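Trainee: based on what follows, work out the 3D shape:
(one chain, ligands or ions: 3)
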Amino acid sequence: MAKKTAKKSKPSKMVYYFGKTKTEGKGVGKDLLGGKGLNLADMTSIGLPVPPGITITTQVCADYYKGGKKLPKGLMDEVHEGVATLEKELKKKFGDNKNPLLVSVRSGAAVSMPGMMNTILNLGLTDESVVALANATNNQRFAYDAYRRLIDMFGDVVMEVDRDHFEHAFTAIKKKYNAAQDNEVPAEGLIELCSEYKAIYKKYTGEDFPQDPMKQLELAIEAVFKSWNTTRAVRYREVEGIRGLLGTAVNVQSMAYGNMGQDCGTGVAFTRNPSTGENKFYGEFLIDAQGEDVVAGIRTPQPVAEMSKWNKAVYKQLLEIKDTLEAHYKDVQDIEFTIEKGELFMLQTRNGKRTGAAAVKIACDMVKEGLIDEETALLRIPANDLTQLLLPSFTPESKKNAKVLTIGLPASPGAAVGALAFTAEEAVERSHAGEKVLLVRKETSPEDIDGMHSAVGILTSTGGMTSHAAVVARGWGRCCVAGAGEVEIDEKGRKIKVGGKTFKHSDIISIDGSTGQVMEGSVETSEPKLSGDFAKVMKWADQYRTLGVRTNADTPKDSQRARDFGAEGIGLCRTEHMFFEEDRITSMREMILAETEADRRAALAKLLPFQREDFVGIFTAMKNLPVTVRLLDPPLHEFLPHDPKAQKEMADMLGVSPAKVKSRVAALHESNPMLGHRGCRLSVTYPEILEMQVTAIVEAAIECKKNRINAMPEIMIPLVVTAAELALLRAKTEETIEKTKADKGFSGQLDILIGTMIEIPRAALTANEVAEYAEFFSFGTNDLTQMTFGYSRDDVNTFLPDYTRLEILPNDPFQSLDTSGVGQLVEMGVTKGRKGRKGLKCGICGEHGGDPASINFCHTVGLDYVSCSPFRVPIARLAAAQAAIRNGK
Ligand code: ADP
Ligand code: MG
Ligand code: MG
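Mentor: Ligands and ions are numbered 1, 2, ... in the order given. Presented below is the predicted three-dimensional model:
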């Protein structure tokens with residue numbers, strides 16, 4: 001007992017060391033160490049060359065905010081202790097005036113947020129220690145290069161000094177010393193620059209640049225914690241749906257210097273191509289450079305393969321490390337490294353972000369290579385990322401005729417066609433207004449996140465394959481062509497010049513993210529196909545999943561497409577869409593205006609042949625597979641025009657007075673149409689509507705049978721609240737089926753199932769009673785969510801964003817099923833329903849049927865199938881397999 005309390009009261013460890021002396025972070029986990037911290041500890045412990053350092057946990061970040069933005073007590077003591085160990089290990093001293101130890105201060109949350117939080121390099125330098133560093137290394141240029149970087153980064157990150165001030169001073173110095181590149185400025189130029197930087201620092205902060213290294217460190221640690229809640233970091237988490245993290249960890253790591261001269265350098269690489277998945281080392285490096293120089297586009301980096309010409313031994317070592325890392329993590333790694341005087345140091349590794357296509361190829365290749373098994377491969381592919389493989393691509397014929405203006409880097413595959421937007425805000429605005437735009441920027445920065453997300457594609461004139469734009473675009477599967485240097489961007493004039501031509505903001509261009517081509521005008525695209533590795537993954541998925549996958553479709557074209565994507569039937573065929581076409585809407589309106597049953601029947605009789613032909617088409621496309629047809633669902637007013645002009649036209653067309661139309665519209669007006677006269681309630685008041693629809697379904701099925709096409713319709717009665725309601729309508733449906741068969745002289749088997757949608761809480765609560773009259777249930781989770789939450793699904797945009805931002809709700813319940821609330825009703829519906837009728841078939845047909853997290857839930861509550869839009873069918877197949885693997889088959 002006593003022991004336990006003692007353990008509890010001991011404050012938890014805030015700082016973990018990684019290095020030769022000891023590596024404490026093993027087994028502590030990503031949640032506390034952050035991804036970067038954990039992997040630095042990991043790499044150290046498997047013997048890779050990592051500069052030693054310490055990691056301050058994410059818990060400390062959480063405590064920092066809890067305590068009113070104050071560093072928790074005792075933290076700096078633990079930091080001092082860690083630094084002391086570092087000093088011993090490296091035989092250097094922090095702030096020393098002989099051989100100073102310098103460190104980087106780096107952020108790193110449990111989920112990687114590239115470029116979201118800032119890093120400070122060379123921390124520990126002061127006016128005194130910079131002289132010491134110059135002497136110790138016999139390299140004055142290097143020492144002052146490190147110092148100017150520190151003042152710049154510290155000024156920016158800690159004190160919020162606008163980097164432009166530093167940038168201007170640097171440009172002036174470069175000019176003065178006739179230096180084309182930053183690394184051509186001689187030592188005396190950098191000494192001069194450091195003085196100017198300190199003056200700028202003082203001017204904008206009112207303080208001297210801190211000359212106490214420990215003070216620098218403390219301020220830097222706090223700045224990293226603050227960066228967790230900057231607008232851009234918060235926004236990134238919102239866009240990516242990252243929630244529930246403690247905060248960021250802080251890594252304080254001894255420096256490796258890539259900026260000491262021509263035998264030094266720094267680089268970033270992926271162990272395989274993150275765009276295509278090809279098993280080829282992929283990356284860039286820059287000689288005599290530090291930190292972000294590679295990705296910031298300061299000078300043009302070289303492809304990593306060129307490294308063998310520069311330093312064969314280091315390249316060989318890097319290739320070995322690449323293999324070690326893949327074998328260790330069994331996944332593609334995204335690495336950062338630095339070479340200090342020919343010695344290689346690893347600075348970061350993480351699972352590489354990749355496109356959907358790359359994810360599929362890598363998963364298949366790794367199974368072939370024996371690195372992972374099929375189940376792991378299936379779990380490895382984010383189901384939603386398959387969307388990218390289901391996007392259109394440019395047709396080979398249209399590509400042949402396209403005028404290529406220039407070729408940039410193929411940074412993120414896909415085909416994008418759009419007008420030109422020159423700022424993130426403009427891209428957001430114009431996309432919201434329904435326009436397709438390409439975001440055209442010299443280079444993107446984290447502030448552009450929103451615009452990048454809204455645009456159909458991204459085109460930049462500078463930056464490499466690992467630039468911000470490229471990394472973010474690949475993560476989202478957004479088409480991106482980067483570094484198209486020949487594109488001259490005139491942001492103010494809102495135009496670009498390329499290939500000798502000028503394009504205004506309203507002009508259309510096409511970009512191919514798989515080849516880097518920038519093309520004039522709108523190049524034709526074609527539908528995707530399911531083949532190669534994609535088909536293989538789908539085959540594996542089908543072997544593991546137990547859930548069926550159907551589609552929501554109401555046309556033969558959509559049905560066929562879904563079938564090609566592997567749909568096993570239609571889970572929801574909406575019939576209201578069939579009434580909107582030109583030749584039908586008139587009869588529909590005639591029916592709604594009719595004052596007697598006879599008139600209504602006459603109008604319905606005109607609609608019947610249209611419906612029948614629609615069904616014949618759909619049943620044919622879906623032959624041998626079930627098609628669940630939902631009877632008319634929306635309130636009738638949706639079929640009538642609401643503005644006077646259109647009402648007059650309608651009156652003329654039907655030969656009635658405009659006043660009559662107006663009064664019918666007024667009569668149909670409801671305060672809460674979603675809770676009004678709709679769904680099966682229409683069939684209760686107007687049974688002739690149900691009769692017509694059922695007749696059309698049965699006649700279509702008979703026609704198909706006569707043509708040896710096995711139609712398998714199922715009739716679904718929507719919006720049922722009570723068993724008695726369904727009993728009545730079921731009897732009416734059965735009667736109509738028999739009558740139609742008799743009328744057609746058809747004596748064969750039809751086996752039409754009759755079931756209902758469970759979309760009102762009461763129906764779920766009384767599912768055992770309802771099931772007596774239903775051969776199947778389909779959970780209509782859109783309405784079920786609306787009615788359970790009491791949120792009008794057409795109006796949620798006014799408040800829902802606040803609810804998710806404030807984390808009152810974990811996510812939009814209309815997108816991802818609320819498993820704890822609405823989920824209970826689904827589970828109850830299944831359990832009670834199957835009590836009422838053994839083996840009751842249950843499915844889901846709301847939007848949730850295509851959402852991987854919701855599909856996982858559907859698997860666990862024992863649904864028979866999910867139904868989703870045609871393009872989500874492959875995603876659902878994979879998600880269903882993942883659910884089966886995760887939950888044990
Ligand atoms: P991000 O999370 O944005 O990638 P990092 O913390 O990884 O930021 O650091 C930014 C850059 O600084 C990277 O290029 C990284 O390799 C480099 N860097 C960080 N720490 C060190 C270090 N101790 N020595 C040398 N370079 C470093
Ligand atoms: Mg990094
Ligand atoms: Mg509904």
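
Trainee: you'd agree Ile173 is up against Ala187?
Mentor: No: using Cβ atoms under 8 Å, Ile173 is not in contact with Ala187; the gap is 11.9 Å. C-beta here means a position set from N, CA and C on the backbone, and glycine is covered the same way.

Trainee: could you check which of the two is surrounded by more residues?
Mentor: Ile173 (18 against 15; other Cβ atoms under 10 Å).

Trainee: tell me the contacts of that one?
Mentor: Neighbour list for Ile173: 179, 185, 189-190, 192-193, 196 [criterion: Cβ atoms under 8 Å, 6 or more residues apart in numbering].

Trainee: if you set the cut-off to 6 Å instead, what comes out?
Mentor: 189, 193 (Cβ atoms under 6 Å, 6 or more residues apart in numbering).

Trainee: swap in Asn39?
Mentor: With Cβ under 6 Å, 6+ apart, Asn39 has these contacts: Thr349.

Trainee: and Val627, what helix or strand is that in?
Mentor: strand 626-630 (DSSP states H and E).

Trainee: what sits up against that strand?
Mentor: Here strand 626-630 has contacts from 569-571, 573-574, 697, 712-716, 718, using Cβ under 6 Å, 6+ apart.

Trainee: pLDDT-wise, what's the bottom of those?
Mentor: Here the lowest pLDDT out of the contacts of strand 626-630 sits on Arg574, with 93.

Trainee: how near is it to Ser12?
Mentor: In this view, Arg574 and Ser12 are 56 Å apart by Cβ to Cβ, to the nearest Å.

Trainee: now swap in Met588 and tell me
Mentor: 68 Å.

Trainee: who has more neighbours, these two?
Mentor: Taking other Cβ under 10 Å, Met588 and Ser12 do not tie; Met588 has more neighbours (23 against 10).

Trainee: and the closest residue to that one other than its chain neighbours, how many neighbours?
Mentor: In space, and not counting its chain neighbours, Met588 is closest to Phe579: 4.5 Å by Cβ to Cβ, 6 or more residues apart in numbering. For Phe579, the neighbour count with other Cβ under 10 Å is 19.

Trainee: OK, contacts around the closest residue to Ala484 other than its chain neighbours?
Mentor: Leaving aside its chain neighbours, Ala484 sits nearest to Gly408 (2.9 Å; criterion: Cβ to Cβ, 6+ apart). Residues in contact with Gly408 (Cβ under 6 Å, 6+ apart) are 481-484, 516.

Trainee: which ones are touching the residue nearest to Ala594 when sequence neighbours are not counted?
Mentor: Of all residues not flanking Ala594 in the chain, Arg600 sits nearest, at 4.2 Å (Cβ to Cβ, 6+ apart). Contact partners of Arg600, counting by Cβ under 6 Å, 6+ apart, are 591, 594, 688.

Trainee: what helix or strand does the first one sit in?
Mentor: It stands for Met591. helix 582-593.

Trainee: what's the distance between Ala296 and Glu160?
Mentor: 19 Å.

Trainee: when the two are compared, which one has more neighbours?
Mentor: Ala296 (17 against 12).

Trainee: quick one: that one and ligand 3, what's the gap?
Mentor: 52 Å (Cβ to the ion, to the nearest Å).

Trainee: quick check: phi and psi at Thr756.
Mentor: Main-chain dihedrals, Thr756, degrees, to the nearest 10: phi -140, psi 160.

Trainee: now check stretch 630-638, is it near ligand 3?
Mentor: No: shown here: stretch 630-638 not in contact with ligand 3 (Cβ under 5 Å from the ion), separated by at least 6.0 Å.

Trainee: what residues sit buried inside that stretch?
Mentor: 630-637 (16 or more other Cβ atoms under 10 Å).

Trainee: who in the stretch 1-150 of the chain is up against ligand 1?
Mentor: 51, 104, 106, 115, 119, 121 (Cβ under 6 Å from any ligand atom).

Trainee: out of those, who's nearest Ile618?
Mentor: Gly115 (48.4 Å; Cβ to Cβ).

Trainee: what about the helices in the stretch 51-200 of the chain?
Mentor: 58-66, 75-90, 127-137, 140-157, 163-176, 187-205 (DSSP state H, counting those that start in this stretch).

Trainee: can you say which of those is nearest to Thr338?
Mentor: Using Cβ to Cβ, the helices of the stretch 51-200 of the chain put helix 140-157 closest to Thr338, at 12.8 Å.

Trainee: against which helices or strands is the closest one packed?
Mentor: strand 120-123, helix 127-137, helix 187-205 (3 or more Cβ pairs under 6 Å, 6 or more residues apart in numbering; DSSP states H and E).

Trainee: tabulate the ones you listed in a markdown table, adding columns for mean pLDDT.
Mentor: Output for those, formatted as a markdown table (pLDDT from 0 to 100):
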| stretch | mean pLDDT |
| --- | --- |
| strand 120-123 | 96 |
| helix 127-137 | 96 |
| helix 187-205 | 97 |
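
Trainee: report the separation between Asn552 and ligand 3.
Mentor: For Asn552, the distance to ligand 3 - Cβ to the ion - is 12 Å.

Trainee: let's verify the residue in the stretch 551-700 of the chain that ligand 3 sits nearest to: helix, strand, or coil?
Mentor: When distances are taken as Cβ to the ion, the stretch 551-700 of the chain reaches nearest to ligand 3 at Asp633, 6.0 Å away. Assigned with DSSP: H, G, I helix; E, B strand; the rest coil, Asp633 falls in the coil class.

Trainee: so what's it up against?
Mentor: 679, 718.

Trainee: roughly how far apart are it and Arg232?
Mentor: Computed as Cβ to Cβ, the Asp633 to Arg232 distance reads 43 Å.

Trainee: I'd like to know how far the residue nearest to Met588 sits from Ile697.
Mentor: For Phe579 relative to Ile697 (Cβ to Cβ), the value is 15 Å.

Trainee: what's the answer for Pro874, then?
Mentor: 29 Å.

Trainee: Ser559 too?
Mentor: From Ser559 to Ile697 the distance is 15 Å (Cβ to Cβ).

Trainee: compare the two (neighbour count), which wins?
Mentor: Neighbours per residue, other Cβ under 10 Å: of Ser559 and Ile697, the larger number sits with Ile697, 29 against 25.
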